[in-house]
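A.B. asks: next one to model:
(one chain, ligands or ions: 2)
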Amino acid sequence: ACSSRFVLSQMHPMWQEPLEVPGGERQSPIDISIRKSVFDPNLKPLVTRYDPRTCQQIWNNGYSFLVEYDDRTDKSTLHGGPLEDQFRLCQFHFHWGENNNWGSEHTVDRHLYPAELHLVHWNSDKYSLFEEAVMEDNGLAVIGVFMKVGKRHEGLQKLVDALPAVRHKDSVVEFTKFDPSCLLPQNTNEYWTYAGSLTTPPLTEAVTWIIMKQPIEVSHDQLAVFRSLLFTSAEEEVQKSMVNNFRVQQSLKDRTVRSSFN
Ligand SMILES: NS(=O)(=O)c1ccc(C(=O)NCc2cccc(F)c2F)cc1
Ligand SMILES: [Zn+2]
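C.D. replies: Numbers count the residues shown, from 1 in each chain. Ligands and ions are numbered 1, 2, ... in the order given. This next block holds a predicted model:
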């Protein structure tokens, strides 16, 4: 899978992030201003083809929990939308708050959601490994899906039920046959897209962001299980709840956010 045991330095929500990333002209996350976004009629529908058989495991990396996919072949892919190439799914993960008032990394006209899903893909037409693609400006494509509190999400529940097994940092549990398309909103034709970066170190400016307009609904209790995870490993004396694992918003600088809808 794509998230090689790249151990993030002890980064927590209040992590002392570099004030400016070298040449940081396209950092993420950002606020999406609807009235400043530009409708682009040339944006195509998104095409996702995910094979649940490529789902492998869940890993608590001390920052979020990642559901990792076998990305050694083109079995779970993304193309279309703003993308010129075909991209391979390597993992998905989430960002959330300590309560339902905040937690997402992106916002829409400053509206905060309690959580945000990121489906991480890398350009398998141009590169042969995630670690390579992550250093290139057209290397990654991340689909962002906002989550709001409402009815229970049946597809998410299988994942929620597995979380107690990865409560501590560096724990891994086998997790198979999960189709991440169940986490996409029913309307994937309405999205915003912009050129950005990873939102955790190394913050590389390699990401084409595709942010869905329609949020998915998850229950209060499902989000509460996310908050039962820990930043800390089993050995550490002081246990810290894994909450507020989002980055502070970055300036748009000289970028335009395009919308696939008017
Ligand atoms: N929140 S997000 O969607 O922007 C995001 C997506 C992926 C990663 C990641 O893979 N990091 C580990 C990692 C592994 C190998 C090489 C890397 F450079 C690297 F960052 C970090 C943030
Ligand atoms: Zn993320």
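
A.B. asks: direction included, what does the helix or strand hosting Gln57 pair against?
C.D. replies: Per DSSP states H and E: Gln57 is located in strand 55-60. Note on strand 55-60: by DSSP bridges, its sheet partners are strand 65-69 (antiparallel), strand 172-174 (antiparallel).

A.B. asks: and the stretch 151-262 of the chain, which residues reach ligand 1?
C.D. replies: For the stretch 151-262 of the chain, the residues found near ligand 1 under the criterion Cβ under 6 Å from any ligand atom are Leu198, Thr199, Thr200, Pro202, Thr204. The C-beta positions use only the backbone N, C-alpha and C, and glycine is treated the same way.

A.B. asks: who touches the second one in this structure?
C.D. replies: For Thr199, the contact set (Cβ atoms under 8 Å, 6 or more residues apart in numbering) comprises Ser28, Pro29, His95, Glu105, Phe246, Arg247.

A.B. asks: and if we set it to 6 Å?
C.D. replies: Thr199 makes contacts with Ser28, Pro29, Glu105, Arg247, as judged by Cβ atoms under 6 Å, 6 or more residues apart in numbering.

A.B. asks: same question, the first one
C.D. replies: By Cβ under 6 Å, 6+ apart, Leu198 lies in contact with Thr204.

A.B. asks: cool, and the last one?
C.D. replies: Under the criterion of Cβ under 6 Å, 6+ apart, the neighbours of Thr204 are Val134, Leu198.

A.B. asks: what strand or helix carries it?
C.D. replies: Going by DSSP H and E, Thr204 is not part of any helix or strand.

A.B. asks: may I ask which helix or strand encompasses the spatially most central residue of the chain?
C.D. replies: Geometric centre of the chain, nearest residue: His118, 1.7 Å, by Cα atoms, centre = their mean. His118 belongs to strand 115-123 when assigned by DSSP H and E.

A.B. asks: if we can go back for a sec, would you mind naming the residues that bridge with the residue nearest to the centre of the chain?
C.D. replies: His93, Gly144.

A.B. asks: show the pLDDT at it.
C.D. replies: His118 is assigned a pLDDT of 98 by the prediction.

A.B. asks: and for the closest residue to Asn60 other than its chain neighbours, the neighbour number?
C.D. replies: Leaving aside its sequence neighbours, Asn60 sits nearest to Val166 (Cβ to Cβ, 6 or more residues apart in numbering; 4.2 Å). Neighbours of Val166 under the rule other Cβ atoms under 10 Å: 21.

A.B. asks: now stretch 203-221 - C-alpha only, PDB.
C.D. replies: These are the backbone C-alpha positions of stretch 203-221, laid out as PDB (Å, rounded to 0.1, in the frame of the first residue of the first chain):
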ATOM      1  CA  LEU A 203       3.100  19.000   2.800                       C
ATOM      2  CA  THR A 204       4.300  18.400  -0.700                       C
ATOM      3  CA  GLU A 205       2.400  20.400  -3.400                       C
ATOM      4  CA  ALA A 206       1.400  17.400  -5.400                       C
ATOM      5  CA  VAL A 207      -2.300  17.200  -5.000                       C
ATOM      6  CA  THR A 208      -5.200  17.900  -7.400                       C
ATOM      7  CA  TRP A 209      -8.000  18.300  -4.900                       C
ATOM      8  CA  ILE A 210     -11.500  17.300  -5.800                       C
ATOM      9  CA  ILE A 211     -14.000  18.300  -3.100                       C
ATOM     10  CA  MET A 212     -17.500  17.000  -3.400                       C
ATOM     11  CA  LYS A 213     -20.300  19.500  -3.000                       C
ATOM     12  CA  GLN A 214     -22.800  17.000  -1.400                       C
ATOM     13  CA  PRO A 215     -21.800  15.800   2.100                       C
ATOM     14  CA  ILE A 216     -22.600  12.300   3.300                       C
ATOM     15  CA  GLU A 217     -24.500  11.700   6.500                       C
ATOM     16  CA  VAL A 218     -23.100   9.800   9.500                       C
ATOM     17  CA  SER A 219     -24.600   9.400  13.000                       C
ATOM     18  CA  HIS A 220     -23.400  11.100  16.100                       C
ATOM     19  CA  ASP A 221     -22.500   7.700  17.600                       C
END
